[in-house]
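J.: What follows is a protein structure lacking sequence information:
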């Protein structure tokens, strides 16, 4: 039976980042992933990285290798109502509010760094079950490295949340996201757009010479919009965005449902859940991966500050207590944005407009939102 201090289920960006953060900790760390190594680097999704996430990736030594596009300005507005706000990097003394890059490029850079550090990754291997007890966790593996392993701490950083209903908080937003790469012209370089519409938010994030689109609509509208040809869909999208930039072409459109799914506690007996295994958020304001990476960094730091048994109850309780304010603050911030802006009630429309107008005029209020987006819910004051 093979022994490890930690076994990380999932060798995507979250699991790889944790392993890399612990490379000099003295802990014996291994990862297991059901996919082939090249599959992770082929992930077509696009990630919005906050300034705080950039700082973490710099500490992990992978930032310089990433093809990241900076976000210099964020333009926030609502369809059919007055009010808009601009959040600018120059107001905070940072080179960019955040960056955008393909998820596969990030995973590839992290995997190369993990391989170079000599951290073993069990590719094409599924974690079938975890059986924690007082001294450790018995892990059953299937696939290429099938067998039983004994570890002191299991990290679940793979796939969605699998848990009993009593362990979860869930909300169905009644929205699907259409995602694609869009070509556009007319906007200053490095400008991201967050446009709130009655059907859901529309985000355009600069990604290389293109824009990454995230378009929130009802499931029925998603069916109808996917049935349109590119020209008709672009015309529909242009009507939502107004004249701030001109859309010229679009790539393949994909869809996925949007909802809130949160594990009430991210720790259990000798087990920690990270990333989408701990919480799945609406993509508004791009907080999901950034929250996950803050969890990763805090977990690594907690393990370093509590030497000895990494799965000790007191150690995991210290991590959970440390993360609760940011974790639930970010979840609440995102959930409130979605519910406040995704409707067409006249009183709320006027209130939203007044709020956006106030954000543009009142510096401390705008700074509050900007700092949350850059550093998380504990960034203020």
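T.: Sure thing, it's come through. Predicted, not measured: the structure shown is a model, and the values here were computed from it.
J.: Next, the buried residues of stretch 85-92.
T.: Of all the residues in stretch 85-92, those buried under the rule 16 or more other C-beta atoms under 10 Å are 85, 87, 89. In this view, the C-beta of every residue, glycine as well, is placed from N, C-alpha and C.
J.: cool, stretch 108-128 as well?
T.: 108-111, 113-114, 119-123, 125-127.
J.: same deal with stretch 32-42?
T.: 32-35, 40-41.
J.: just those now: which is nearest residue 289?
T.: residue 40 (14.4 Å; C-beta to C-beta).
J.: how many other residues sit next to the closest residue to that closest one other than its chain neighbours?
T.: Leaving aside its sequence neighbours, residue 40 sits nearest to residue 107 (C-beta to C-beta, 6 or more residues apart in numbering; 4.5 Å). Residue 107 has 25 neighbouring residues, counting by other C-beta atoms under 10 Å.
J.: what's the answer for residue 189, then?
T.: Neighbours around residue 189, by other C-beta under 10 Å: 10.
J.: Can I take it that it is in a strand?
T.: No. Judged by DSSP: H, G, I helix; E, B strand; the rest coil, residue 189 forms no part of a strand; its state is coil.
J.: looking at it, it is touching residue 73, isn't it?
T.: No. Contact criterion C-beta atoms under 8 Å: residue 189 and residue 73 do not qualify, at 9.5 Å.
J.: how about residue 135, what does it touch?
T.: residue 152 (C-beta atoms under 8 Å, 6 or more residues apart in numbering).
J.: Just want the most central residue of the protein.
T.: residue 289 (1.9 Å; C-alpha atoms, centre = their mean).
J.: Now that one: closest residue in space that isn't a chain neighbour?
T.: Nearest non-adjacent residue to residue 289 (C-beta to C-beta, 6+ apart): residue 47, at 5.2 Å.
J.: so that neighbour touches residue 105, yeah?
T.: No. Between residue 47 and residue 105 there is no contact under C-beta under 8 Å: 9.1 Å.
J.: Between those two, tell me which one has more neighbours.
T.: residue 47 (26 against 18).
J.: What's opposite the more buried one in the beta bridge?
T.: residue 101 (DSSP bridges).
J.: Spit out the contact partners of it.
T.: Here residue 47 is in contact with 13, 100-103, 106, 286, 289 (C-beta under 8 Å, 6+ apart).
J.: and the gap between it and residue 286?
T.: 8 Å (C-beta to C-beta, to the nearest Å).
J.: Check residue 96 too.
T.: 13 Å.
J.: Same check on residue 154?
T.: 29 Å.
J.: just residue 187 next, same as before
T.: 18 Å.
J.: quick one, which of the two is more surrounded?
T.: residue 286 (25 against 17).
J.: Does anything pack onto the longest helix that the chain contains? Which helices or strands?
T.: Criterion DSSP state H: the longest helix present in the chain is helix 313-341. Contact here means 3 or more C-beta pairs under 8 Å, 6 or more residues apart in numbering; DSSP states H and E; on that basis helix 313-341 packs against strand 254-263, strand 267-268, helix 288-305, helix 346-361, helix 363-375.
J.: Comparing the ones you listed by mean pLDDT, which bottoms out?
T.: Across these, the stretch with the lowest average pLDDT is helix 346-361; it has a mean of 42.
J.: mind listing what the longest strand seen in the chain pairs with, with the direction of each?
T.: Taking DSSP state E as the criterion, the chain has its longest strand at strand 168-185. Sheet pairing for strand 168-185, assigned by DSSP bridges, gives strand 210-217 (antiparallel), strand 246-250 (antiparallel), strand 254-263 (antiparallel).
J.: follow-up on the earlier one: sort the buried residues of stretch 85-92 by pLDDT and name the bottom one.
T.: residue 85 (78).
J.: secondary structure class for that one?
T.: Applying three-state DSSP: residue 85 is strand.
J.: What's opposite it in the beta bridge?
T.: residue 76.
J.: Just the element for residue 222, please.
T.: helix 219-227 (DSSP states H and E).
J.: Pull out the buried positions in that helix.
T.: For helix 219-227, by 16+ other C-beta under 10 Å, it's 221-222, 225.
J.: Could you tell me the angle between that helix and strand 168-185?
T.: Orientation of helix 219-227 against strand 168-185 (axes from the mean of the first three to the mean of the last three C-alpha atoms, to 10 degrees) gives an angle of 30 degrees.
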